[in-house]
Every structure is written in structure tokens, then in C-alpha cells.
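Enquirer: sequence first, predicted model second:
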Amino acid sequence: MAEAERIIGTPDSEDAGATESGEPQQGAAEPEQPQQEAAEPEQPKGRRKIAVLFAVATVAYALDLISKLIVVEKLEHHEPIELIGDWLKLQAIRNAGAAFGIGEAFTVIFTVIAAVVIVVIARLARKLYSLPWAIALGLLLGGALGNLTDRIFRAPGVFEGAVVDFIAPKGFAVFNLADSAIVCGGILIVILSFRGLDPDGTVHKD
């Protein structure tokens, strides 16, 4: 009888033997499971930052587009509107150059640059885990789309269209909301870079 028990073995002896030998019991959690659970929240977090980027871009683009439609309909070919005396006016002009009337002879080049910026931002969005970077890139994307729309659809032709500018401070170039979004986004990117914050959320110090 004792010989039979030794050969067959009881359940208790099998469990004890497994414990003493250091082998995991059947059904025990795999060591990789905690790592998988820790990595899962990162994907929704990244998607939220992408959503912020495109939300900011959509708002910036919509405000620029609507403001230009109103300016073309109500202000173009009319006298400027004084907001703060001579210090700030609303004056509709057509700008064939870059922001603030720079480089009017290179309209096509600036159109290509705007298109490249949009593609780069869209590709960078896949690795975006920083909220400030999402806002900055959203401003750049919205502004670039706003002026690119003018380049494509306004006279004198496709990719050569003149941008509608209307904000005219005293002693400064006339600009629009897209230019403002681009400048604000650029300034924010410079600040983030100086602080060592990368688009993926990591912080480095020189």
C-alpha cells in the first residue's frame, strides 16, 4: 500500500513538491502581466493629446476662415475701421507674401512650405504625449491651414493666391488670425524647447 502511494502520489504531495521546487503553480499570473497593465493607459493618454492638437487646430482654422469671409464681404474696398484711434485699425488687404507681408515674390515657395509643415505636424502627432506641445502644434497647424486655404482658393490662381490680412497696428505690418496663431505656436515651441520638454513628454536637461 505504501509503495502504491509513493508511485501514484497524493494531490497534497504534488502541490507541496511544486512549491518546494520553485515552479509556478498552474494558473499563476505571468510576470509580464503587470507590465502590460501599466502600458495600456499610455495609448488613451496619447490619443487625448492628439485630440487636443486637432481641436486647437480646428478652432484656430475656423476663426481665421470666418474672420476672412467677414472681412472680404464687409470691409474690402471700404474705409478702414478704427478700433483704437490710429493705433489699431481693421483694414483689408491682399498679401501675396508670407506672414506680415514678407517676401511677396515667393508665393509658391511659401505655399509649399506651409504644406510641408502640415505634413510634418501630422506625422509628429503619432508620438505626441505632451499637452503644451499639443497646443503649440495645434496653433501652427490651424494657422498654416488658414493661410494655405487662401493660397489655393483665392485669386490670382491655385498655389498663388493672395492671403487676406486685416489687423493693422500703427507702425506694423498688417496680419490676420492665422499669422497670430503661427506666431503664438512658434513662441510656445521655443519656450518648451528651452525648458527641455520634448513632444513625447520627456524632460531633458543640458
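Expert: Arrived safely. Residues are numbered from 1 along each chain as shown.
Enquirer: quick one: mean pLDDT for stretch 148-158?
Expert: For stretch 148-158, mean pLDDT is 89.
Enquirer: likewise for stretch 89-107?
Expert: Across stretch 89-107, pLDDT averages out at 71.
Enquirer: again with stretch 181-191
Expert: Computed over stretch 181-191, the average pLDDT equals 95.
Enquirer: and it, what's buried?
Expert: 181-185, 188-189 (16 or more other C-beta atoms under 10 Å). All C-beta atoms are positioned from the backbone trio N, CA, C, and that covers glycine.
Enquirer: contacting residues for the residue lying closest to P80 once chain neighbours are set aside?
Expert: Spatial nearest neighbour of P80, chain neighbours left out: Q91 (3.9 Å); criterion: C-beta to C-beta, 6 or more residues apart in numbering. Counting by C-beta atoms under 8 Å, 6 or more residues apart in numbering, Q91 touches 75, 80-81, 166, 168, 174.
Enquirer: model confidence for L75, exactly?
Expert: 94.
Enquirer: can you pull the contacts of the spatially closest residue to it that is not a sequence neighbour?
Expert: Using C-beta to C-beta, 6+ apart and skipping residues adjacent in sequence, the residue nearest L75 is A92, 4.4 Å away. Counting by C-beta under 8 Å, 6+ apart, A92 makes contact with 71-72, 75-78, 164-166.
Enquirer: so F153 sits against G161, correct?
Expert: Yes: taking C-beta atoms under 8 Å as the definition, F153 is a contact partner of G161 at 6.2 Å.
Enquirer: between these two, which one's more packed in?
Expert: G161 (21 against 10; other C-beta atoms under 10 Å).
Enquirer: what about that one, which SS state?
Expert: Here G161 takes the coil state, with states given by DSSP: H, G, I helix; E, B strand; the rest coil.
Enquirer: contact partners for N147?
Expert: Residues in contact with N147 (C-beta under 8 Å, 6+ apart) are 64, 99, 114, 163, 176, 178-179, 182.
Enquirer: what's the answer for Y61, then?
Expert: 141-143, 145-146, 149, 178.
Enquirer: partners of the helix or strand the residue nearest to P80 falls within in the sheet?
Expert: The secondary structure element spanning Q91 is strand 88-95 (assigned by DSSP states H and E). Partner strands and pairing direction for strand 88-95 (DSSP bridges) are strand 81-84 (antiparallel), strand 163-169 (antiparallel).
Enquirer: buried deepest among those, which one?
Expert: Per residue and on average, the most neighbours among the strands paired with strand 88-95 fall to strand 163-169, with a mean of 22 (mean count of other C-beta atoms under 10 Å).
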